[in-house]
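Engineer: Sequence below, structure please.
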Amino acid sequence: MPLYKLQDFDPTYRDTFGGDDIKGLSLYTEGGNKVGKVIDALVDPEGRFRYLVIETESDFHSKRILLPIGLSRIDYNQQRVYVDGLSKKQVENLPMYRDNMTVDYDYEEEVRKNYRSEPNLTYDRDSYTYQNDASLYDLNEQKHQNFKLYEERLIANKHRIKTGEVTVGKHIETETATVSVPIEKERVVIERVPASTEGVAVSPGEAQFQTGEVARIELYEETPEIEKEAFVREEVRVKKIVDRDVVEAQETVRREELDIQTEGDLPLDETNRQQRDRL
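Structural biologist: Numbering: from 1, shown residues only. The predicted structure follows:
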């Protein structure tokens with residue numbers, strides 16, 4: 001099972017732990033002797049703490065080692081981590097931890113055998129689980145049980161639905177238009193009036209008697225010529241605009257709360273920090 005550094009598994013782990021940071025906490029024995037400090041933590045793919053990375057000091061050799069989480073007690077109020085039973089000999093025998101190394105099963109076995117009450121105890125690597133070493137990882141169900149409290153949250157999403165459509169087209173309407181055009185027509189007026197020299201004889205050479213056409217006058221008139229031309233009467237612009245609004249929706253959601261009942265005068269230490277759920 002792969003193990004991850006705390007920062008690699010959860011880059012925002014400080015927010016997850018409510019602002020607390022296990023890194024940098026001093027490591028003390030239950031007797032109050034400082035033996036080192038916490039450099040990092042290793043978690044499994046489910047986010048459970050498996051080891052604290054400790055840099056030892058004081059009477060111990062200065063080296064980095066892994067401490068199974070079940071052997072420690074974290075006190076954020078005092079900014080300390082307490083460990084029970086970490087001896088100088090254990091530190092000397094424990095394999096050194098390096099930041100760039102991969103913690104595999106063989107390495108973990110080298111670590112575990114230094115903490116087991118029976119150092120020669122071995123397990124099948126193919127079937128091994130941390131439950132086999134419950135005392136090292138605090139997995140004894142009689143002393144340590146984990147369960148989850150669930151809550152429902154409203155998740156808002158949006159999807160588009162068609163509410164209608166607008167079709168813009170054109171059609172032709174006809175009407176009879178009237179236009180006035182002034183025109184001219186020619187006509188002939190023939191007036192026959194008495195001669196001013198009526199009764200006066202004319203000379204023989206002046207009188208010319210003839211038969212047939214004696215005058216020709218051409219008559220003209222104007223006729224209207226009507227043509228049609230197209231003009232732009234108006235412009236029509238079609239576009240869409242988006243109106244924005246906020247719609248509130250209400251729904252009943254459920255949340256599980258913890259009920260604690262005790263009998264007798266029992267000491268009870270309850271914490272709301274999420275990191276305690278991971279240990």
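Engineer: from here on, contacts and neighbour counts on C-alpha atoms
Structural biologist: OK.
Engineer: Name the nearest residue to Ile183, sequence neighbours excluded.
Structural biologist: With CA to CA, 6 or more residues apart in numbering as the criterion, Ile183 has its nearest non-adjacent residue at 5.2 Å, and that residue is Glu222.
Engineer: what's near enough to touch that neighbour?
Structural biologist: Residues in contact with Glu222 (CA atoms under 8 Å, 6 or more residues apart in numbering) are 183-185.
Engineer: what about Gln90, helix or strand, and which?
Structural biologist: Here Gln90 sits within helix 88-93, counting by DSSP states H and E.
Engineer: tell me which residues of that helix are tucked away?
Structural biologist: 90-91 (16 or more other CA atoms under 10 Å).
Engineer: Quick one: mean pLDDT over the host helix or strand of Ala41.
Structural biologist: Applying DSSP H and E as the criterion places Ala41 in strand 34-43. In this model, strand 34-43 has a mean pLDDT of 90.
Engineer: To what extent is Arg64 buried, counted in neighbours?
Structural biologist: 22 (other CA atoms under 10 Å).
Engineer: That one and Glu57, how far apart?
Structural biologist: Between Arg64 and Glu57 the computed distance is 10 Å (CA to CA, to the nearest Å).
Engineer: Please apply the same query to Tyr76.
Structural biologist: Distance from Tyr76 to Glu57, by CA to CA: 21 Å.
Engineer: Then Gln208?
Structural biologist: On the measure of CA to CA, Gln208 and Glu57 end up 162 Å apart.
Engineer: So those two - more neighbours on which side?
Structural biologist: Glu57 (15 against 6).
Engineer: Quickly list what the closest residue to that one other than its chain neighbours is bridged to.
Structural biologist: Nearest residue to Glu57, sequence neighbours excluded (CA to CA, 6+ apart): Gly36, at 4.9 Å. Beta-bridge pairing for Gly36 (DSSP bridges): Leu27, Thr56.
Engineer: Strands along the stretch 51-200 of the chain, start to end?
Structural biologist: Secondary structure of the stretch 51-200 of the chain (DSSP state E, counting those that start in this stretch): strands at 64-68, 72-75, 80-83.
Engineer: pLDDT at Pro224, what is it?
Structural biologist: 89.
Engineer: quick one, what contacts it?
Structural biologist: Per CA under 8 Å, 6+ apart, neighbours of Pro224: 181, 183.
Engineer: Pro68 bridge partners, please.
Structural biologist: With DSSP bridges as the criterion, Pro68 is bridged to Tyr51.
Engineer: so how far is Pro2 from it?
Structural biologist: With CA to CA as the criterion, Pro68 and Pro2 are 15 Å apart.
Engineer: Could you check which of these two is surrounded by more residues?
Structural biologist: Legend: neighbour count by other CA under 10 Å for Pro68 and Pro2, higher for Pro68 (24 against 11).
Engineer: was I right about the more buried one contacting Leu136?
Structural biologist: Yes: using CA atoms under 8 Å as the test, Pro68 is close enough to Leu136 to be in contact (5.6 Å).
Engineer: Grab the nearest non-local neighbour of Glu55.
Structural biologist: Arg64 (4.4 Å).
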